[in-house]
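**Student:** For reference, the sequence and a predicted model appear below.
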Amino acid sequence: MATATAITNAAAIIAAGIAIAGGLIGTGMAQSGIGASGMGIIAEDRSKFVTVLIFFVIPETLWILGFVLGYIILKGII
């Protein structure tokens with residue numbers, strides 16, 4: 001029979017996986033639209049490259065937040 005600790009650990013592992021996967025999926029969805037639009041902007045005006053690059057990198061914070069949340073859940077900080 002499974003102990004309560006084993007069930008709690010399994011739930012924490014699943015929760016951490018969902019947090020990390022959610023951050024990665026959100027990043028991919030955001031960057032797909034930004035990348036397509038950004039290529040159109042750069043094709044029109046090459047001087048906008050840095051601005052497009054900054055907007056393309058901003059969604060990267062989503063996977064970082066997902067990873068940090070997953071780490072916090074696994075270590076039992078919350």
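**Tutor:** Cool, the structure landed. Computed from a predicted model, the values in this text were never measured in an experiment.

**Student:** State which helix of the chain is the longest.
**Tutor:** Taking DSSP state H as the criterion, the chain has its longest helix at helix 4-44.

**Student:** helices or strands next to that one in the packing?
**Tutor:** In this structure, helix 4-44 makes packing contacts with helix 49-57, helix 60-75, judged by 3 or more CB pairs under 8 Å, 6 or more residues apart in numbering; DSSP states H and E. The way it works is simple: take the backbone N, C-alpha and C, and place the C-beta from them, glycine included.

**Student:** contacting residues around the last one?
**Tutor:** Yep, that's helix 60-75 we're talking about. For helix 60-75, contacts defined as CB atoms under 8 Å, 6 or more residues apart in numbering pick out 12-13, 15-17, 19-24, 26-27, 30, 78.

**Student:** between it and helix 4-44, how many degrees?
**Tutor:** Computed by axes from the mean of the first three to the mean of the last three CA atoms, to 10 degrees, the angle separating helix 60-75 from helix 4-44 equals 170 degrees.
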